[in-house]
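> I'll drop the sequence and a predicted model, then ask my questions.
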Amino acid sequence: MSPQEQAEQRRGQRLLFVSLLFGVLLNFPLLAVFNHDGRVGACLCSTSMCC
């Protein structure tokens, strides 16, 4: 495997990690909307739908 191919593979892995991280962070408030168990972290969003 050439150094250029290795760099492209690392770039692809980094993009995958960043996209998954953003996906989790963007969907976390949606999970809080449906979490009404009274557990810690159940009301993390500031909308009227929480709690």
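Structure's in. What do you need?
> all helices of the chain, in order?
Assigned by DSSP state H, the helices in the chain fall at 3-33.
> which stretches of it aren't confidently modelled?
By pLDDT under 70, the weakly predicted segments of the chain are 35-51.
> again, only using 90
1, 24-51 (pLDDT under 90).
> Would you mind measuring from residue 17 to residue 33?
To residue 33, residue 17 is 26 Å away according to Cβ to Cβ, to the nearest Å. Every residue, glycine included, has its C-beta placed from N, CA and C.
> the more surrounded of these two?
Set side by side, residue 17 and residue 33 show more neighbours around residue 33, with 15 against 10, by other Cβ atoms under 10 Å.
> For residue 6, see how far away that one is.
42 Å.
> repeat for residue 13
Residue 13 is 11 Å from residue 6, by Cβ to Cβ.
> Next: residue 26.
In terms of Cβ to Cβ, residue 26 sits 31 Å off from residue 6.
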